[in-house]
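Student: this one's sequence-less:
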C-alpha cells in the first residue's frame, strides 16, 4: 500500500525529533519526511503455530475468552474467562455455571499447563485452575505493575466488571494468584464494559492508563442498559489506580469508522513509548463458503444462534499504534485474517487476541527470539474453544519496504544519542540497505555519504551500520541531522542508536 503521511507528531518549525537511544518502529510515520521510488510502509502478518490451550474442562465451557498473557521473570502467566454459552431454539444463553476466571502457566510460552490451585469450588470440588468467581469475572484483565513505588501487596493489579455490576472494579494481588478488591465500589463507571477492559502502568507518562469499551451513541449509568451506536474505545489515567480523571475517546487518523470489540492496547516492551493495540474488528457479512462447509448439524446450530444474536457477524484482528495512548494510527487492512481451511474460523469469535505479545525462543536452532501472540478460534461454537499461538519477528508489525527496483526514505530532522546505528532488517541475497547521514540542508556529512556506505545485507534484528571508516557515529550525537535510507528488495522494521 502507498504511504499516507498520517501521524506525524506536531513540531514547531525547525524543531528536530529527539529520539535519544530509543528503539523506533515503523508502525506510524513519526520518522518519515519523504518517500521516493517504490518505498512504502508494509503491514506484516503473524504465522499460525500450534494450539497453546484447549479449553476442555467443564468449568471452562464453550466460551473461554478475554485472555491475558504476560511474562513474569522465567514464568509466562495466562488468565482467561471460563463461560458456558448454550444454543437452544435459536437463542444463545448462559448455561450450566456462572463465569469464572482461570489461570495457566508456562516455562517457555509454548507448552502450557493448568495447575490445580484448590482455590474455588466447582460442582463440589476445588480441583481446578479457577482463581476468581463473582464480581469482575466477565472480563478480569491482570497485569504486573511496573510502578517503582507499587506496594508489595498490589504488585499485580487488574480491572474487571460489567455494567450490571456498576462498572469496573480494581483488584490487587501479591502473587498473581490470590486476588482481592482494592475498593468495594467500581472505580470506572462511564462506559459499556462488555469486553476486555485493560490497564497498565505507563512509564512514559508516569501514571496508570486504562482502555475500556464504550458505544458511540452514549451509555446510561443504569444497570439495565441498552447500547446504541458503534463499539468503540475510551481511555483515562490515574495516579493511584482508584481515582480516574477525565476520560477521552480514542481517535484515529486516516481510518474509516469500524466497530471494535476489544482493544488489547499496551506499551510495546521493546519500545515502551509506543502503544500497540491489537483490537478485534466486528463486521456483518453474508455466509461464507467456510461456514457452508460445516457439518449439517453444526451448521444448523450456527445458523440459528448466529442469526438471532450476531446476524452473520465475523471478527478478525487489526493493528494500531499510538505515541500518547489517545490518537492512533490504525491499519485498515486486517493484521490477522480469519484464516483458511479450518472449521471455527470464519465465524464470530475468531481472533480475539490475548493481551499482549510476549518474547519466546525461536523453534529454529540458532535463530533470535520472536514474538508470540495467542488468538481464539472455535469460540462458543462446539464443546470448547481453542487458543492458538502465532509468531512474528521482533518488531515485525510493519516494515519500511522496497522491492528490487528500489526506493528511499528520508527522515525528519532528529537528534540521537549513542555511538552506533543498529537496524532490525531483512534483505534478499541480492538486496541491500544503505544509509546516509545528512546535514539539515541535505548535504551529506563527510564520511557518512551514501557512497561511503557499503551495501548492508542479511537478516538480523540488531545489525550495526558501517561506512568506509567504520560504524562509529558518536561524534554526531546531539546534532540535528537527517537519515537517508536506500533500500532494494529489503525490509526495515526498526532502528536504534546504541552505545
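Tutor: Received it, and whenever you're ready, just let me know what you need. Predicted, not measured: the structure shown is a model, and the values here were computed from it.
Student: which residues of the stretch 51-200 of the chain fall in helices?
Tutor: Counting by DSSP state H, counting those that start in this stretch, one finds no helices in the stretch 51-200 of the chain.
Student: Can you get me a residue count around residue 403?
Tutor: 16 (other CB atoms under 10 Å). (C-beta placed from N, C-alpha, C; glycine too.)
Student: Spit out the contact partners of it.
Tutor: 38, 488-489 (CB atoms under 8 Å, 6 or more residues apart in numbering).
Student: Can you tell me which of those residues is nearest residue 314?
Tutor: residue 38 (32.9 Å; CB to CB).
Student: Now do the longest strand seen in the chain: distance to the chain's middle.
Tutor: When the chain is parsed with DSSP state E, its longest strand is strand 420-438. Averaging C-alpha positions (CA atoms, centre = their mean, to the nearest Å) puts strand 420-438 27 Å from its chain's average.
Student: And the pLDDT at residue 86?
Tutor: Listed pLDDT for residue 86 reads 64.
Student: quick one: low-confidence ranges for the stretch 301-450 of the chain?
Tutor: Residue ranges of the stretch 301-450 of the chain with pLDDT under 70: 301-312, 341-344, 380-382.
Student: thinking again about what came up before, elements contacting the longest strand of the chain?
Tutor: Contacts defined by 3 or more CB pairs under 8 Å, 6 or more residues apart in numbering; DSSP states H and E place strand 420-438 against strand 459-464, strand 482-498.
Student: Same question for that strand: list its buried residues.
Tutor: Judged by neighbour count using 16 or more other CB atoms under 10 Å, the buried positions of strand 420-438 are 420-427, 431-438.
Student: Give the bridge partners for the closest residue to residue 352 other than its chain neighbours, please.
Tutor: Leaving aside its sequence neighbours, residue 352 sits nearest to residue 376 (CB to CB, 6 or more residues apart in numbering; 4.5 Å). Beta bridges link residue 376 to residue 387 when assigned by DSSP bridges.
Student: Next, the distance between the ends of stretch 105-119.
Tutor: 16 Å (CA to CA, to the nearest Å).
Student: starting at the chain centroid, how far to that stretch?
Tutor: On CA atoms, centre = their mean, the centre of stretch 105-119 falls 22 Å from that of its chain.
Student: May I see the buried residues of it?
Tutor: Buried, per 16+ other CB under 10 Å, within stretch 105-119: 105-106, 109-110, 112, 114, 117, 119.
Student: Which of those residues fall in strands?
Tutor: Short answer: the buried residues of stretch 105-119 in strands (DSSP E) are 105-106, 112.
Student: now the residues you listed as TSV including distance to residue 372 and pLDDT?
Tutor: Output for those, formatted as TSV (distance: CB to CB, whole Å; pLDDT from 0 to 100):
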residue	distance to residue 372	pLDDT
105	14	98
106	10	98
112	11	98
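Student: and the gap between the residue nearest to residue 54 when sequence neighbours are not counted and residue 351?
Tutor: Spatial nearest neighbour of residue 54, excluding adjacent residues (CB to CB, 6+ apart): residue 386 at 5.9 Å. From residue 386 over to residue 351 the distance is 12 Å, taken as CB to CB, to the nearest Å.
Student: Who has more neighbours out of the two?
Tutor: residue 351 (27 against 19).
Student: So what's the residue count around the closest residue to residue 411 other than its chain neighbours?
Tutor: Nearest in space to residue 411, with sequence neighbours left out and distances taken as CB to CB, 6+ apart, is residue 483 at 4.2 Å. If you count neighbours by other CB under 10 Å, residue 483 ends up with 21.
Student: pretty sure residue 483 is touching residue 416, no?
Tutor: No: contact criterion CB atoms under 8 Å: residue 483 and residue 416 do not qualify, at 9.0 Å.
Student: residues near residue 57, how many?
Tutor: Residue 57, neighbours per other CB under 10 Å, totals 17.
Student: err, residue 357, not the other one
Tutor: Using other CB under 10 Å: residue 357 sits among 28 other residues.
Student: Give me the phi and psi for it.
Tutor: Dihedral pair for residue 357: phi -70, psi 150, per degrees, to the nearest 10.
Student: Can you tell me how far it is from residue 392?
Tutor: 7 Å.
Student: shared neighbours of those two, anything?
Tutor: 371, 373.
Student: okay, the nearest residue to residue 79 once chain neighbours are set aside: pLDDT?
Tutor: With CB to CB, 6+ apart as the criterion, residue 79 has its nearest non-adjacent residue at 4.6 Å, and that residue is residue 68. We have a pLDDT of 98 for residue 68.
Student: Please apply the same query to residue 256.
Tutor: For residue 256, pLDDT reads 85.
Student: Please look at it and residue 281 and confirm they touch.
Tutor: No: Residue 256 is beyond contact range of residue 281, at 11.4 Å (criterion: CB under 8 Å).
Student: where does the residue lying farthest from the centre of the chain land in three-state SS?
Tutor: Distance from the C-alpha centroid of the chain, by CA atoms, centre = their mean, peaks at residue 446 (41.5 Å). Following DSSP: H, G, I helix; E, B strand; the rest coil, residue 446 is assigned to coil.
Student: For residue 410, see how far away it is.
Tutor: 19 Å.
Student: Output the below-cut-off pLDDT ranges for the stretch 101-250 of the chain.
Tutor: Using pLDDT under 70, the stretch 101-250 of the chain drops low at 218-228.
Student: quick one: the longest strand of the chain to strand 482-498, angle?
Tutor: 170 degrees (axes from the mean of the first three to the mean of the last three CA atoms, to 10 degrees).
Student: ok, back up a step: show me which of the ones in strands among the buried residues of stretch 105-119 is closest to residue 172.
Tutor: residue 105 (19.6 Å).
Student: List the contacts of the closest one.
Tutor: 75-78, 112-113, 115.
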